[in-house]
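A.B. asks: Sequence below, structure please.
(2 chains)
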Amino acid sequence: MEVVDVLVVDDEPGIRSGVSRILKNYTINYPFLEDDISFNVVEAATGEEAIEIIQRKPPAIVLLDNKLPGIQGIDVLQFISAHEPNILVMMITSYASLELAVKATNIGAHDFVPKPFTPQELRSSIENITKHYFLRQMTRKLHREGKQVRFEFLTMLSHELKAPLNAIEGYLRMMQEKQLGESLDDYQEIIDRSLSRIQSMRNLIMDLLDLTRVESGKRERDLQDIDLTLVARLVVETMMPMAIQRDVTLTLESDEPVVVKADADDMEILLNNLISNAIKYNVEGGWVKCKFSKTPTYATCSVSDSGVGISADDIPKLFHEFTRIKNPLSRNVSGSGLGLSIVKKIADQYGAEIKVESTLGKGSTFTLQFPVSAENPA
Amino acid sequence: MPTPAKKTILIVDDDVDYLYQLKFQVEKMGFETVTAESQHEAETLLNTIKPDLAILDLMMESEDSGFILSYKLKRKYPDVPIIIATAVSAETGMTFGINTEEERKWIKADLYLEKGIRPDQLHREIVKLLKL
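C.D. replies: Numbers count the residues shown, from 1 in each chain, chains lettered A, B, ... in the order given. Next up is the predicted model:
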């Protein structure tokens, strides 16, 4: 049984005891909640008393009369919006003037119940507001947990695949109906946009294939002693055209071979993602440095950039599927939103640790540390 | 009879291409447009303007941005009709709509549309909602 605190603020004792009586044995059950919900009513006769109670122990719901002996209901509402915005407020009022309704709604009242009300009217208003309270709580909880289930993945995937199709279809229709003019030149921009959407869709599909490959997990992984610096050299060569196009200096620093036991394809996907991100989320005239080092216990690879950086709040979200951190600096960068979740999955399979250091507007460093064990000697 | 002032339609979508196309189509229908690329940007805009109608994308910053935005918009301007447009459809198992009493209670939108709707259909729906 979940108990919800309801504070009734009214100077008429009859209303207060009426509400208490009506809600005393009232329980609600929502299909989305396991527990039944019941109510614990706390009473206040004045606004001042109400504020004191709210400060001591904020209730979930406040039933608030506007016309009070001291400070008015609207003042209490103002206090709640400023200090306890999570409280849902329902105004009870006999003078249901439109002006007051608009004012109260603007300050944050959730609903109104006209006075006098029948027990049924009160119950149904309470049912509504409580539902809102729990839905909001659940949404927050889901967001906090960063819950990632397959269902959400498919939903996002469908969204990500359809969005470019819709965009391209829209542009083609504009061309078909000659909406921008008679000359092909009038359509150059939307043709370019369409091609760019096709390219990002292709990237998404490639990333999806990588992800499927990594996720299927027990596929035959061809574990060999491989030199990470050699894999990096290959990746850097592939990425060089993109770096030049974006005026980003891409360098590889390695003094000696850094050998790990791994699947060469995995390592290529991993470095590909890290280096291409570093180039994409960069600034004109910026740089990307890829470094390798080793100790008897670790093989370390780091990719640093002079790019847009990531805020501390956003770092924990980075490795979730379809998370693309949006800020004004990165809004024009196209990406599938899968790259780093692939990196994470591969790293996990090798027991490697990923560290991210970043300063917004300055740049980021992604460091991967592969354990080198006795059975897995470097 | 004097010509009525042009109606203003707020369009919110984080897909710049879709936003551009919708803006283009809606303006061709003879409406003024204001646009925003995120829930956040739209909320800021709504502090200074009151549109005559709003067309909102569902998934923006978060997967329910459109719902949250429509909820807030309706609270601020209960009389502004809202269309939620999205590319998410029933095939993912995600069936939103405003067809049942239950859904109408918490989805504060007047119309729920799949993206990719033809401009003439959209025009009809807008005219209907604006009661023109």
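A.B. asks: ok, now which ones touch residue A:265?
C.D. replies: Residue A:265 makes contacts with A:213, A:222, as judged by Cβ atoms under 8 Å, 6 or more residues apart in numbering or on different chains. Where you see a C-beta, it was placed from the backbone N, CA and C, and this is true even at glycine.
A.B. asks: in what helix or strand does it lie?
C.D. replies: Secondary structure assignment for residue A:265, by DSSP states H and E: helix A:264-280.
A.B. asks: What are the buried residues along that helix?
C.D. replies: Residues A:264, A:266-280 are the ones in helix A:264-280 that count as buried (16 or more other Cβ atoms under 10 Å in any protein chain shown).
A.B. asks: Would you list the strands that the next helix or strand along the chain from that helix pairs with, along with their directions?
C.D. replies: Beyond helix A:264-280 on the C-terminal side, the first helix or strand identified by DSSP H and E is strand A:287-294. Take DSSP bridges as the rule and strand A:287-294 pairs in its sheet with strand A:249-253 (parallel), strand A:298-305 (antiparallel).
A.B. asks: what's the angle from the last one to helix A:264-280?
C.D. replies: Meaning strand A:298-305. What separates the directions of strand A:298-305 and helix A:264-280 is an angle of 30 degrees, with axes from the mean of the first three to the mean of the last three Cα atoms, to 10 degrees.
A.B. asks: would you put the C-alpha positions of strand A:298-305 in CSV?
C.D. replies: Backbone C-alpha positions of strand A:298-305 (Å, rounded to 0.1, in the frame of the first residue of the first chain) are rendered in CSV as follows:
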residue,chain,number,x,y,z
TYR,A,298,48.3,-2.7,-19.0
ALA,A,299,48.3,-1.8,-22.7
THR,A,300,46.9,1.7,-23.0
CYS,A,301,45.5,3.6,-26.0
SER,A,302,44.3,7.1,-25.8
VAL,A,303,42.6,9.4,-28.3
SER,A,304,42.7,13.1,-27.5
ASP,A,305,41.1,15.9,-29.4
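A.B. asks: hang on, the earlier thing: among the buried residues of helix A:264-280, which one lies nearest to chain B?
C.D. replies: Nearest to chain B among the buried residues of helix A:264-280, counting by Cβ to the nearest Cβ, is residue A:280 at 16.9 Å.
A.B. asks: What confidence value was assigned to residue A:244?
C.D. replies: The per-residue pLDDT reported for residue A:244 equals 89.
A.B. asks: since we're on residue A:291, how many residues are nearby?
C.D. replies: Summarising burial for residue A:291: neighbours were counted as other Cβ atoms under 10 Å in any protein chain shown, giving 19.
A.B. asks: Quick one: find the helix or strand in chain B with the lowest mean pLDDT.
C.D. replies: When the helices and strands of chain B are compared on mean pLDDT, DSSP states H and E, helix B:101-106 comes out lowest with a mean of 56.
A.B. asks: The residue most central in space within chain B: which element?
C.D. replies: The residue lying closest to the centre of chain B (Cα atoms, centre = their mean) is residue B:55, at 1.4 Å. Assigned by DSSP H and E, residue B:55 falls within strand B:53-57.
A.B. asks: How about that strand and chain A, any contact?
C.D. replies: No. Shown here: strand B:53-57 not in contact with chain A (Cβ under 8 Å from any Cβ of the partner chain), separated by at least 9.5 Å.
A.B. asks: who touches that strand?
C.D. replies: By Cβ under 8 Å, 6+ apart, the list of residues contacting strand B:53-57 reads B:7, B:9-15, B:18, B:22, B:26, B:42, B:65-66, B:69-70, B:73, B:80-86, B:109, B:126, B:129-130.
A.B. asks: list the contacts for residue A:368?
C.D. replies: Listed by Cβ under 8 Å, 6+ apart, the contact partners of residue A:368 are A:270, A:274, A:300-302, A:347, A:352-354.
A.B. asks: Check residue B:37 too.
C.D. replies: Residue B:37 makes contact with A:331, B:12-14, B:16, B:19, according to Cβ under 8 Å, 6+ apart.
A.B. asks: one more time with 6 Å
C.D. replies: residue B:14 (Cβ atoms under 6 Å, 6 or more residues apart in numbering or on different chains).
A.B. asks: Check the secondary structure at residue A:260 for me.
C.D. replies: Using DSSP: H, G, I helix; E, B strand; the rest coil, the structure places residue A:260 in strand.
A.B. asks: and residue A:112, how many residues sit next to it?
C.D. replies: The tally of other residues near residue A:112 (other Cβ under 10 Å) stands at 17.
A.B. asks: for residue A:294, same thing?
C.D. replies: 18.
A.B. asks: Repeat that for residue A:3.
C.D. replies: When neighbours are defined as other Cβ under 10 Å, residue A:3 has 12 of them.
A.B. asks: So for the helix or strand of chain A with the lowest mean pLDDT, what gets flagged as buried?
C.D. replies: The helix or strand of chain A with the poorest confidence is helix A:98-107; it has a mean of 73 (mean pLDDT, DSSP H and E). Taking 16+ other Cβ under 10 Å as the neighbour-count basis, helix A:98-107 is seen to contain the buried residues A:100, A:104-105, A:107.
A.B. asks: now, which of those sits nearest chain B?
C.D. replies: Comparing the buried residues of helix A:98-107 against chain B with Cβ to the nearest Cβ picks out residue A:105 as the nearest, at 6.2 Å.
A.B. asks: name the element the closest residue to the closest one other than its chain neighbours belongs to?
C.D. replies: Of all residues beyond its chain neighbours, the one nearest residue A:105 is residue B:75 (6.2 Å), with distances taken as Cβ to Cβ, 6 or more residues apart in numbering or on different chains. Secondary structure assigned from DSSP H and E places residue B:75 in helix B:65-76.
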